[in-house]
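**Q** fold the following and give me the result.
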Amino acid sequence: MGLKDKNLISLNEIDGPQAPHDAFLKRAVDLRKEALAYVDDDWYSFNNCNLNLLYDTVTVVRNANTTTAADFRNRLDDPYEWVQICSHSSPWGNTFKYTGGYAGTVFNFETWFADPTFLFVNLFQCSGTRFVEENSVGSIYIFGPTNGLLAVGSAKVGSMLNFDDFYGPLDGGISIGEAYRQWVEQWGITDPEWFYGMCLLGDPTLKPKQPGSLSHRRPRPGHTFETTLDWTPPQAVGAHAETDGYPAVTKDAAGRIWAAWVTGRSVTNGRTEICAASYLGGAWSAVQIIDPFEYWDFSPTLALDNLGRARLSWSRCYGRNYDIFSSVYTGTTWGTPEHISSKATNDMYPASAAEGASRFWITFERWTHLNGDIYCRYYDGSAWQSTFAVSTDSANDYNPEMATDSTGRTWVAWTSERWEYNRNIYVKNYNPASGHWENLYRRHRPPPRPKRHPNRPWFRKEFLPTCISS
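**A** As a prediction, this is how the structure comes out:
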């Protein structure tokens, strides 16, 4: 249910005698009818966010040195029915501050792993319910944990305000969707720049504080490592109290194994950063944060470039969109990042490969007006050439990957929805003679299943690489 929907029906009309719904009744542990207002430093004045109009008991956490990523993780085990989080954010995590700077990021995959008991969340965080992004925070709350049922938030910069006109009517017994509809009619058009993009993810006919609502906690899965293939025990690369994830790996011409990943450990100059470390001579180097930046860096990819150097590329929240940046290891340090793409679009999830000594390619998905296409740019050894399209289509193309085959041809593979609106894998190769990507192939496969970036594994707390023992 989005803010710009027209002629919204009264949801009270479809609240039948079956409410509360079965989703409430399939739980195993009593859930307290209580709420949590977790308010980070910049919104201290919000206090309880008017949740007291709906719940008799509201726990308020807003001390500047308490609202940290570490503290919020600990509260994911607390049995609240409703939680409102007020923090800085990207679509994939909540970043917290304290008096000394930034205080860590709680990533989307941590919520899935923690399996909180919360049934409802109001995300006062920019892009928290950006449902067009895979595994956005709001989507994770309702599809990942066992118990999550509904998330309110914004798909862009902005969030709900005037909480009393949302929580107050809810205490009168109407559904969450009806309270949201009334709030939109009252406030939605008063500040389009801030409120447009508000949305409700989940079942709008649900009501809070229903008798008999329960919560189920599934057993956390065990963590084992495959031993039949002679994998060595995992090694922690730069272990840290904050969370690391989304690793990438390559080997450079000097024989170093490079690892890069997203981290929430930045304190002074960022919300999520890209870290890198190398392995040589039986030991890992010190971890280095690459070009600390004020906003979010995500999606690192590593490859050996056409000059034999390790090159790291990633997507960065730059202004109000994501651009691609790239840095090369010079032999002693990582060079000043180059701004690979700069356009009023979202350029994300880069992939890279070298075409011999001729070209180093970076491809990425570019989103323009909710349509995704694959674009690219290459370095010819002296300069970056202009950006151009690998593939464009009215259906969405995304998640590119790159490789160079034994004949020296460079290939791009990506996910596309162009075949009967299913997800299929398409490939093209670059033809140096024509200067174009050619030979579009669709790789047949069985009926589609949701794709969760199999090339981008998630890790908890620190990147743990393993290697085959000789």
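**Q** could you find the closest non-adjacent residue to the spatially most central residue of the chain?
**A** In the chain, the centroid-proximal residue (CA atoms, centre = their mean) is W92; its distance is 2.6 Å. Nearest residue to W92, sequence neighbours excluded (CB to CB, 6 or more residues apart in numbering): N108, at 4.7 Å. C-beta here means a position set from N, CA and C on the backbone, and glycine is covered the same way.
**Q** contacting residues for the one you found?
**A** By CB atoms under 8 Å, 6 or more residues apart in numbering, the residues touching N108 are 92-93, 135-137, 140, 144.
**Q** which of those lies closest to I289?
**A** Closest approach to I289 among the contacts of N108 (CB to CB): G93, at 16.6 Å.
**Q** what about the closest one, how many neighbours?
**A** Neighbour count of G93, defined by other CB atoms under 10 Å: 30.
**Q** for Y318, see how far away it is.
**A** For G93, the distance to Y318 (CB to CB, to the nearest Å) stands at 17 Å.
**Q** now, the contacts of N108 that are in strands?
**A** G93 (DSSP state E).
**Q** of the contacts of N108 - the most surrounded one?
**A** Going by other CB under 10 Å, G93 tops these with 30 neighbours.
**Q** show the contacting residues for that residue.
**A** Contacts of G93 (CB under 8 Å, 6+ apart): 105-108, 137, 264, 272, 296.
**Q** and N431, by the same measure?
**A** With CB under 8 Å, 6+ apart, N431 has these contacts: 437-438.
**Q** how about the one 5 residues further on?
**A** Counting by CB under 8 Å, 6+ apart, H436 makes contact with Y430.
**Q** could you check how far it is from S159?
**A** Distance from H436 to S159, by CB to CB: 44 Å.
**Q** any weak-confidence spans in the stretch 101-250 of the chain?
**A** Low-confidence segments of the stretch 101-250 of the chain (pLDDT under 70): 212-228.
**Q** on that earlier part again, please identify which of the contacts of N108 is nearest to A69.
**A** Among those, and counting by CB to CB, the member closest to A69 is G93, at 8.9 Å.
**Q** which residues does that closest one bridge with?
**A** For G93, the beta-bridge partners under DSSP bridges are S90, F107.
**Q** if I look at it, how far off is T250?
**A** G93 is 25 Å from T250, by CB to CB.
**Q** ranges for the helices of the stretch 1-150 of the chain?
**A** 22-25, 69-75, 108-114, 137-143 (DSSP state H, counting those that start in this stretch).
**Q** want to throw these into CSV with distance to G331?
**A** Formatted as CSV, the helices of the stretch 1-150 of the chain follow (distance: least, CB to CB, whole Å):
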stretch, distance to G331
helix 22-25, 57
helix 69-75, 35
helix 108-114, 35
helix 137-143, 39
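**Q** winner for burial among those helices?
**A** helix 137-143 (a mean of 23; mean count of other CB atoms under 10 Å).
**Q** just the residues contacting the helix or strand just after that one, thanks.
**A** Once helix 137-143 ends, the next helix or strand along the chain (criterion: DSSP states H and E) is strand 150-154. The contact list for strand 150-154 (CB under 8 Å, 6+ apart) reads 119-130, 137-139, 141-142, 159-160, 176, 180, 197-204, 206.
**Q** which two among the contacts of N108 are spaced furthest apart?
**A** Within these, two members stand farthest from each other by CB to CB: G93 and G144, at 13.4 Å.
**Q** for S299, give me its contacts.
**A** 246, 262, 314-315, 348-350, 456.
**Q** take those and keep only those in strands.
**A** Using DSSP E, the contacts of S299 in strands are 246, 262, 314-315, 348-350.
**Q** for G172, state which of those is nearest.
**A** M348 (42.6 Å).
**Q** wait, that closest one sits on E365?
**A** Yes. Counting by CB atoms under 8 Å, M348 does reach E365; the two are 5.5 Å apart.
**Q** what do those two both touch?
**A** Counting by CB under 8 Å, 6+ apart, nothing touches both M348 and E365.
**Q** so W258 touches C275, yeah?
**A** No. Contact criterion CB under 8 Å: W258 and C275 do not qualify, at 11.2 Å.
**Q** returning to that earlier point: dump the contacts of G93 into a markdown table; add distance to S416 as well.
**A** A markdown table is the format used below for those (distance: CB to CB, whole Å):
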| residue | distance to S416 |
| --- | --- |
| T105 | 31 |
| V106 | 33 |
| F107 | 28 |
| N108 | 24 |
| V137 | 26 |
| G264 | 32 |
| T272 | 28 |
| W296 | 27 |
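**Q** out of those, which end up buried?
**A** Buried members of these, counted by 16 or more other CB atoms under 10 Å: 105-108, 137, 264, 272, 296.
**Q** brilliant, that's me finished.
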